[in-house]
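> below are the sequence and a predicted model for it; my questions follow.
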Amino acid sequence: MAPDLLNKLLVRGSRRGRIVEVEAYLGPHDPASHAYRGPTVRNATMFGPPGHLYVYFTYGMHWCANAVCGEEGDGTAVLLRALAPVAGIAAMRTARGGITREAALCSGPAKLCQAFGIDRRYDGADLTLAAKTAPWLADDGTPPPATPGNSKRIGISVAVDHPWRWYVSGDPNLSRRG
DNA sequence: CTTTGGATCGTCT
DNA sequence: GACGATCCAAAGG
C-alpha cells in the first residue's frame, strides 16, 4: 500500500500537501516498527482499524504521522515522510517558524506535522472523512508514479536493509535526494 | 557540500 | 535510566 499512497493529498483545513515520500512499517514482523513488541498505550492506534492516523512523539520534541494500513489487530502502518506543499503555504510557513524556502516546509516526517499543526490531538483521526479541522486524505485523481523511487528506510537502527521507503523520484520536497 | 552536536521528554526496560 | 521512524545551526572542507 505504501507506494499507492504517493500523490494522494494530505488535507487539514486550508492546508494541502501531496504525498511524495513514505515508508512501510510491518507491525509485529518488523523490528523497526513501534508495533514490533505488541500493543501498548502509545501504539494502540496502529492496531486499530485501517484508514486512521497514528501520531507519535519522538526525540522529546517532534511529532510524526502514519496512515494505518493493516486490518484491525495487524499493527501495520505507513509513515508519511514528505509532502509537496499545494495550498495553505502561508499557514505552513507560520507554523514552521518563518521558514521561507518552500521545499523545506514539509521535507521530513516531523516537518510536515509541524507545518500542518498535527500533534497528539489527531492520533486516531479518520483519514477517510473530509473533516473540518482534523487531517484527512484526499484523492484528486493523480495516480501514483508508475515507477516510484525505492530505497532503504531512514533513521532506524534495526532491520535497516529492507527497501521499504518509496518516493516520487526527483521531487524537490524529499527528505533526501532521490 | 558534509559532519557534528545540542535540544528535550515520553516510553519501555 | 537509556534512547528514539528528527531537525537545525554551526563549523569544517
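Okay, I see it.
> make it CA atoms for all contacts and neighbour counts henceforth
Noted.
> residue contacts, residue A:174?
Residue A:174 sits next to A:20-21, A:81-83, A:107-108, A:167 when contact means C-alpha atoms under 8 Å, 6 or more residues apart in numbering.
> mind checking the SS state of it?
Following DSSP: H, G, I helix; E, B strand; the rest coil, residue A:174 is assigned to coil.
> separation between residue A:56 and residue A:98?
24 Å (C-alpha to C-alpha, to the nearest Å).
> settle it for me: which of these two has more neighbours?
Between residue A:56 and residue A:98, counted using other C-alpha atoms under 10 Å, residue A:56 has the larger neighbour count: 19 against 12.
> give me the number of residues near residue A:163?
For residue A:163, using other C-alpha under 10 Å, the count is 13.
> so it is in contact with residue A:154, correct?
No. In this structure residue A:163 lies outside contact range of residue A:154 using C-alpha atoms under 8 Å: 10.1 Å.
> which SS state does residue A:11 fall under?
strand.
> contacts only, for it.
Counting by C-alpha under 8 Å, 6+ apart, residue A:11 makes contact with A:17, A:135-138.
> residue A:54 is in contact with residue A:67, isn't it?
Yes. At 6.2 Å, residue A:54 and residue A:67 qualify as touching, with contact defined as C-alpha under 8 Å.
> any common contacting residues for these two?
Common neighbours of residue A:54 and residue A:67, using C-alpha under 8 Å, 6+ apart, are residue A:77.
> buried sites along stretch A:95-104?
By neighbour count on 16 or more other C-alpha atoms under 10 Å, the buried set for stretch A:95-104 is A:95-96, A:102-104.
> in CSV: these, plus distance to DNA strand B, pLDDT and secondary structure.
Formatted as CSV, the buried residues of stretch A:95-104 follow (distance: C-alpha to the nearest atom of the strand, whole Å; pLDDT from 0 to 100; DSSP: H, G, I helix; E, B strand; the rest coil):
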residue, distance to DNA strand B, pLDDT, secondary structure
A:95, 17, 96, helix
A:96, 15, 96, coil
A:102, 15, 95, helix
A:103, 13, 96, helix
A:104, 13, 96, helix
